[in-house]
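**Q** Make a model of this:
(chains A, B, C, D, E and F)
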6 protein chains.
Amino acid sequence: MFALTVRDHMMVAHSFHGETFGPARGLHGATFIVDATFRREELDRDNLVVDIGRASAALTEILAALNYRNLDEDPAFRGVNTTTEYLARVVADRMAERVHSGALGEEARGLVGLTVTLHESHVAWASYERAL
Amino acid sequence: MFALTVRDHMMVAHSFHGETFGPARGLHGATFIVDATFRREELDRDNLVVDIGRASAALTEILAALNYRNLDEDPAFRGVNTTTEYLARVVADRMAERVHSGALGEEARGLVGLTVTLHESHVAWASYERAL
Amino acid sequence: MFALTVRDHMMVAHSFHGETFGPARGLHGATFIVDATFRREELDRDNLVVDIGRASAALTEILAALNYRNLDEDPAFRGVNTTTEYLARVVADRMAERVHSGALGEEARGLVGLTVTLHESHVAWASYERAL
Amino acid sequence: MFALTVRDHMMVAHSFHGETFGPARGLHGATFIVDATFRREELDRDNLVVDIGRASAALTEILAALNYRNLDEDPAFRGVNTTTEYLARVVADRMAERVHSGALGEEARGLVGLTVTLHESHVAWASYERAL
Amino acid sequence: MFALTVRDHMMVAHSFHGETFGPARGLHGATFIVDATFRREELDRDNLVVDIGRASAALTEILAALNYRNLDEDPAFRGVNTTTEYLARVVADRMAERVHSGALGEEARGLVGLTVTLHESHVAWASYERAL
Amino acid sequence: MFALTVRDHMMVAHSFHGETFGPARGLHGATFIVDATFRREELDRDNLVVDIGRASAALTEILAALNYRNLDEDPAFRGVNTTTEYLARVVADRMAERVHSGALGEEARGLVGLTVTLHESHVAWASYERAL
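**A** Now for the predicted structure:
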């Protein structure tokens, strides 16, 4: 199995609700360093997992819709705890849509899996892994 | 599949026995940067893999029992080569006990797997992965 | 010259004003990984630059006053652009006060300088260096 | 499952052919930071996944055959796009040969899998995973 | 003193001449992770060392002129050993020109110094520091 | 000013004496990731700060005399607290001797300064800077 990962980041504000979160219930923020990992069984005819330029552009585009925002005000997350693990799935699902729509190229339809990891600090990170 | 990782570290002395180890048979030491990764299929009602505060506290507590010690003198490791990979299992098994005892919260009983990685330097690390 | 650095982090929300900032004028956030570096010409009688336990505790305490907050609502920053470089000075100046008040121990009065670096992402960081 | 990883690096020149590659069709180069991860179900009698000294030496030896070269002139890669993901397989397959030939020690025959990851920059890396 | 650093990278081929270089006399390559650090005594009216967007764009532009190339064929480096330390000065000097020409904004004329660091691997890096 | 840094590591046991050290008074250990930084005003005729091969070899040699040892039993450190900052000076001074003796090559006599940094964990490091 082959995998290729590209990295980018976003800087957002948000708050959490529920006793579990303690001080994180207040409005605060995070830099999320975001790794998108694409998997396939065999390389394409160019010897690639996916066109790295298109993969990076897709990741940047997905993050641009979240970057420099207060996620509490994004209708897509109304009433939702936008935890690191939850956001990993959001990014992964939006990337999967792009793979399926052909935005990463025809060859990308041969991808079989995707993992998105969000690093919230040097001591904590979370990921979501899914099939494609 | 979701995963969440927290990082901490410990600083221990130890020695190895057996010809394989060469100069590492002498008493020496290591800083182990320790990553504990928790996995679950679906997020809990707070959108978490596990309460990060409790997970971090559990990891710190487990490492505190080893930190600043000479492992050669720990009865738990009498006659044992406390290699990086072996210690990864020790930490993982002690964390699994805490998950099962409820120390990481009731929701943590929904965890399905655990990986512990110990970085012994910038060029070598080892891990142990187990079910929960 | 000797130096010792300890690292911690904080997660804050804030927004900027002024055309220079473009999309960063919206409320967003950041994880700041914070390095505090202490300098002195000669080591103290324990062969230390500063007691690392006290230095770490002081840094954690300083960051706790900012962590998990919206800096736009902190009276200390009313009307101020809390840029990464500006916050580096805030943390450094608050640390300097602690050094001078004796909170880092009597020996810490022998420190001659301090640098605080805030990493806002894997591709950008800022620092402020001052005498003590 | 246990895993052990060792890290080394190589510095090579190469070029790509095919429209996908854009400016990377010109002769350029890369530092590849190479991680070789070995997996086994149970530790050997020394409590090791593999002898780290032998594993590191094998990785250095494999990379030495590629290091400081123009891969376009290596007969093994004639007409081949030596992408990061492709090279991950090359290194993995060469390591597998060494495991099977006994170069990593008799105990290494108990290894069940191998992953090789090549980091081409701080924002992109690729890997190949195979059974042993 | 304040400092701000931005990071980018380039991937180049080159070779060295002279006995000192041993195997590096052959055509090979490198990924250089490039950090540009800007210094000033006091922050500008926006509380910035330099507009990070403009600084990043300038760095990307400078690296684009070198990226994906064989430096041996660049007329600017005819007969020159393009070592990591030498390239650090090339990037720094080209950045200094941009600062002086106003490409980083009028406020950037208040910068007093610049350091460029090129990381050639996880175990070696070089830098050049100059006044502005 | 130019600088070049090479990185290596050592794994040692030691203990501290004095109330300041708390639990670190027990025999424990550390992995020290060691960075040696060499500085000079102008590059040598090969466009180098120092021959990186010789610099790396010298660092490895210096660390080999400490690596895999209990520093408490090293006569050079009898009664001494071998703190991270103290060891940074030990390594720096031993490197300076090598520079002065010609072990890093004749050109290395043009070096003007040296900094050695020891990373004891991902959250703490210390350095010693000296002239040459």
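
**Q** For the nearest residue to A:H14 once chain neighbours are set aside, give me phi and psi.
**A** For A:H14, the nearest residue in space outside its immediate sequence neighbours is A:L71; the separation is 4.0 Å by C-beta to C-beta, 6 or more residues apart in numbering or on different chains. To be clear about C-beta, it is placed using only N, CA and C from the backbone, and glycine gets the same treatment. Recorded main-chain torsions at A:L71 are phi -60, psi -20, according to degrees, to the nearest 10.

**Q** dump the residue contacts of A:A30.
**A** Contacts for A:A30 (C-beta atoms under 8 Å, 6 or more residues apart in numbering or on different chains) come out as A:M11, A:V12, A:H14, A:T84, A:E120, A:S121, C:M11, C:G29, C:A30, C:T31.

**Q** Specify which member of the residues you listed is nearest to C:V90.
**A** C:A30 (13.9 Å; C-beta to C-beta).

**Q** Could you check how far the closest one is from chain F?
**A** When C-beta to the nearest C-beta, to the nearest Å is the yardstick, C:A30 and chain F sit 19 Å from each other.

**Q** ok, now A:S121?
**A** 11 Å.

**Q** likewise A:F32?
**A** 19 Å.

**Q** Give me every residue in chain A lying close to chain B.
**A** Remark: the part of chain A in contact with chain B comprises A:16, A:18, A:20-22, A:80-86, A:88-89, A:122-130, using C-beta under 8 Å from any C-beta of the partner chain.

**Q** Show me which of the contacts of A:A30 is closest to chain B.
**A** Proximity of those to chain B was ranked by C-beta to the nearest C-beta; the top entry is A:T84 with 7.4 Å.

**Q** Counting neighbours, what do you get for the closest residue to chain F within chain A?
**A** Taking C-beta to the nearest C-beta, chain F has its nearest neighbour within chain A at A:H122, 6.5 Å off. Residues near A:H122, counting by other C-beta atoms under 10 Å in any protein chain shown, number 16.

**Q** Filter the residues of chain A next to chain B down to the ones in helices?
**A** The helices in this structure, assigned by DSSP state H, contain A:T84, A:E85, A:Y86, A:A88, A:R89 from the residues of chain A next to chain B.

**Q** There's contact between the last one and A:Y128 in this structure, I believe.
**A** Right, the one you point to is A:R89. Yes. The pair formed by A:R89 and A:Y128 meets the contact definition of C-beta atoms under 8 Å, at 4.1 Å.

**Q** Please say which of these two ends up with more neighbours.
**A** When A:R89 is set against A:Y128 and neighbours are counted by other C-beta under 10 Å, the residue ahead is A:Y128, at 24 against 20.

**Q** my read: the more buried one touches A:T84, true?
**A** No. Using C-beta under 8 Å, A:Y128 is not in contact with A:T84; the gap is 9.9 Å.

**Q** Can you give me the distance of the residue of chain A closest to chain F to chain E?
**A** In this view, A:H122 and chain E are 16 Å apart by C-beta to the nearest C-beta.

**Q** Does that residue touch B:R7 like I think?
**A** Yes. If you go by C-beta under 8 Å, A:H122 and B:R7 touch, sitting 7.2 Å apart.

**Q** what about stretch A:104-120, distance to the chain center?
**A** The chain centroid and the centroid of stretch A:104-120 are separated by 10 Å, computed with C-alpha atoms, centre = their mean, to the nearest Å.

**Q** Kindly report the same for stretch A:3-14.
**A** Between the mean C-alpha location of stretch A:3-14 and the chain-wide mean there is a distance of 6 Å, by C-alpha atoms, centre = their mean.

**Q** can you count the residues close to the residue in chain A that chain C sits nearest to?
**A** Shortest chain A-to-chain C distance, computed as C-beta to the nearest C-beta: residue-wise this is A:G29, at 1.1 Å. As a burial measure, A:G29 scores 27 neighbours (other C-beta under 10 Å).

**Q** Stretch A:84-93 - what's its average pLDDT?
**A** Averaged across stretch A:84-93, pLDDT comes to 98.

**Q** does it come close to chain C?
**A** No. Using C-beta under 8 Å from any C-beta, stretch A:84-93 stays clear of chain C, coming no nearer than 10.4 Å.

**Q** in chain A, which spans are strands?
**A** Under the criterion DSSP state E, chain A contains strands at A:2-14, A:28-40, A:113-121, A:124-131.

**Q** Neighbouring strands - and their directions - for the shortest one?
**A** Strand A:124-131 has the following strand partners under DSSP bridges: strand A:113-121 (antiparallel), strand B:2-14 (antiparallel).

**Q** and if you look at the second one?
**A** The strands beside strand A:28-40 in its sheet (DSSP bridges) come out as strand A:2-14 (antiparallel), strand A:113-121 (antiparallel).
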